[in-house]
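In: Got a sequence here, can you build the structure:
(chains A and B)
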Amino acid sequence: MASKRIVVDPVTRIEGHLRIEAMLGDDGVIADAMSSGTMWRGIEVILKGRDPRDAWAFTQRICGVCTTVHALASIRSVENALSIKVPKNADIIRNIMFLTQMVQDHVVHFYHLHALDWVDVVSALSADPKATAELNQAISPSWPMSSPGYFSDVKATLQRFVESGQLGIFANAYWGHPAYKLPAEANLMAVAHYLEALKWQKELVKIHTVFGGKNPHPNYLVGGMPCAIDLDSDNAINIERLNMVKRLIQEAKAIVEQLYIPDLLAIASFYKDWAGIGGGLGNYMTYGDIPQAGVDRPEHFRFPRGAILGKNLGEVLPLDPTDTTQIREEVSHSWYDYPAGEPALHPWEGVTEPNYTGPKPPYKQLDENAAYSWLKTPRWRGNAMEVGPLARMLVGYASGREEFKAVVDPVLAKLEVPATALFSTLGRTAARGLETQLGVQWLMEEYENLIANLKAGDYATANTDLWEPSSWPREAKGFGFTEAPRGALGHWVHIKDGKIENYQAVVPSTWNASPRDADGGHGAYEAALVGTPVADPEKPVEILRTIHSFDPCLACASHVFGPDGRKLAEVVVR
Amino acid sequence: MADQRDHGVAPVLVLGLGNLLLKDDGVGLELLKRLEPDFVDDPRVEFVDGGTQGLALAPYLPNRCAMLILDAVALGTEPGDVHHLPDARSTPATRSTTAHEGNASELLAAATLIGECPETVALVGIEPDDVSTGIGLTERVQSALPRALKLAKDTLGTLIQPE
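Out: Below you'll find the model as predicted:
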């Protein structure tokens, strides 16, 4: 049985507070694991009694990363409740904003949060710039910045940065750990592209400013989008603005195709053993997104809706988030109270009643047989599910969509791994890249759809027929969804007498980071960690690799601030 | 990939940070709201509500001479204390002293790394009393607003017209 307990708290390079406890067996392999959200937020409580038309503005403040996705899920939930149909342009503009955020977020996750699990920044200092240039030209011939002089400059910049002692954003990593396998030149190339991605990431989101009026908190509207479009006017989104959007999409396409994907494949080729580690549940779920014929017709979404159980790519099961028997949240291992006799509740009936019964901080360890997290335990038909890019790619692939096969199959061939390699930490990381590749293609297609629709004379962006609460039914329930970068995001609203009666958000990281259910079934993080070998329990980079492969964002899953807000990462081994 | 739209920005940026849903954590946004009307027609300064964003605020930093951050600053002193950090770039205290996930220090470090951090970064903030879920400031922080506002206004004055 477990001989050591590794505690990582908080996990760094994520949003929000996550604590991982891993029980290491005598063989040096993780035998069991616990994932705990250690801070409570409770946005739902704030929304009660408010005007449902304003809910999006509050929900987009939940998270420091995903403002747009919460706003989108929120307006869709209200529109669903009130049977409001939005104009075609509004769907297209929302799709453009959605894809913009997804592409930007995935690139930032890869280079600025996850790459440091695979790339040894300090090793880059011993790279030969000339050999690095040759490497870069070999893996991405069309990328312009690959001269020996360029890499010399990057190396010098990095040297100055490291010597200044301000490792800053490169701190809290295990530099020099033997688990880092890349040659020095590949490390230097990755650091150079870290910087390029950092410069670029701030460009793409200007698309949000064009359509949302402002950033970083763009405007949304129940019934459509609050932007006027007139190709020839100075006082609306005109052709000049739209041309800028097109240029930004083209730049994004170049970054993804010439930088992200080649780097991903080059790095992955050194870590193929991770195609056999970190698979976990093998159950995947998507709500789907990017409607092509309205939100009520999931069969026409670019990301299909569905569920896969037990790694069975032969069958995609139908899923209905409004069926109150399907998605249900338990609190058997969470610090919440439910009404007596209710083991699980559908989000429409959801209750957010905190009841902390854990040990007094600072504590040494949590008890897996008791409540141990501020996250609830959502289950689909009783099954723990993984959500996120891997789930989306697998559901698309298993649904037989050609677009998905066209990006997945060549990568499997190039890395010389079978399709089962996707059920892994490496598969999760690769799926995020492949999804981004689809994302930039779709972004351009959605842009072209918008232009075509405008040229056909359709300028409508909002439907305000049902704006006034007097036009609403006395009581209504709605479901809003999106596929956030981290996975399926659902908002469930119950409106009564024009006000919010109940509001529940089930966010992607609640699915992935959930604690055990009443039957002892593990959440996705917990399941993925079991079976992972850890070389040095004091420096558990292996745990970070798998957890980061999910792109955790606990900010909206739970509250973020504690008295220990200044504490840096801590690893404790017992 | 800087382009023409990046030039001609106001030389001074005032960045409000904080989470409106966590009581006193939102104090930076309240300060921003109260400070802005005094400078509404001043082309030398731009006001941005940064919320809890981190790296997503990077687009606002290039080509500025100075930046003033308004934020909740938890240094562990008395709630309602007004904090002033004239040089937030080199003050390690700016690391993780704010209550939200958008980490100002990470933003500054990233901007420094790509050479786009304003030369001067000042910070004015208030020690929070309560950062639990809820909208609105506590009394102690509320009563500190006039002092913090005066300090922010004076600081902004010197940033606009450096000696």
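In: Nearest the geometric middle of chain A, what residue?
Out: In chain A, the centroid-proximal residue (C-alpha atoms, centre = their mean) is residue A:486; its distance is 1.7 Å.
In: That one - nearest residue in space that isn't next to it in sequence?
Out: residue A:508 (4.0 Å; C-beta to C-beta, 6 or more residues apart in numbering or on different chains). Where C-beta positions appear, they are placed from N, C-alpha and C, glycine not excepted.
In: What is the neighbour count of the one you found?
Out: Other residues lying near residue A:508 total 29 when counted by other C-beta atoms under 10 Å in any protein chain shown.
In: Contacts only, for it.
Out: Neighbouring residues of residue A:508 by C-beta atoms under 8 Å, 6 or more residues apart in numbering or on different chains: A:387-388, A:484, A:486-489, A:553.
In: what separates stretch A:328-342 from the chain centre, distance-wise?
Out: 26 Å (C-alpha atoms, centre = their mean, to the nearest Å).
In: Between the two ends of that stretch, how far is it?
Out: 11 Å (C-alpha to C-alpha, to the nearest Å).
In: And that stretch, what's buried?
Out: For stretch A:328-342, burial by neighbour count (16 or more other C-beta atoms under 10 Å in any protein chain shown) applies to A:328-336, A:338.
In: What sits closest to the residue most central in space within chain B if chain neighbours are left out?
Out: For chain B, residue B:69 is the residue whose C-alpha lies nearest the centre (C-alpha atoms, centre = their mean; 1.7 Å). For residue B:69, ignoring the flanking residues on the chain, the nearest one in space by C-beta to C-beta, 6+ apart is residue B:123 at 4.5 Å.
In: Surely the one you found is in a strand?
Out: Yes - counting by DSSP: H, G, I helix; E, B strand; the rest coil, residue B:123 falls inside a strand.
In: just checking, what packs against the helix or strand bottoming out on mean pLDDT in chain B?
Out: Among the helical and strand segments of chain B, the one scoring lowest on mean pLDDT, DSSP states H and E is helix B:104-113, with a mean of 78. Contact here means 3 or more C-beta pairs under 8 Å, 6 or more residues apart in numbering or on different chains; DSSP states H and E; on that basis helix B:104-113 packs against helix A:184-204.
In: so after the helix it packs on, what's the next helix or strand?
Out: Where DSSP states H and E defines the elements, the next helix or strand beyond helix A:184-204 is helix A:206-212.
In: buried set for that next one?
Out: So for helix A:206-212, counting by 16+ other C-beta under 10 Å, buried means A:206-208, A:210-212.
In: Could I have the CA atoms of it written out in CSV?
Out: This file holds the C-alpha atoms of helix A:206-212, laid out as CSV (Å, rounded to 0.1, in the frame of the first residue of the first chain):
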residue,chain,number,x,y,z
LYS,A,206,-8.4,42.8,-30.2
ILE,A,207,-11.1,41.0,-32.0
HIS,A,208,-13.1,41.1,-28.8
THR,A,209,-12.8,44.8,-28.7
VAL,A,210,-14.2,45.1,-32.2
PHE,A,211,-17.3,43.1,-31.5
GLY,A,212,-17.6,43.5,-27.8
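In: relative orientation of the next helix or strand after that helix and helix A:184-204 in degrees?
Out: Note on helix A:206-212: by DSSP H and E, the next helix or strand toward the C-terminus is helix A:239-255. If you take axes from the mean of the first three to the mean of the last three C-alpha atoms, to 10 degrees, helix A:239-255 sits at 170 degrees to helix A:184-204.
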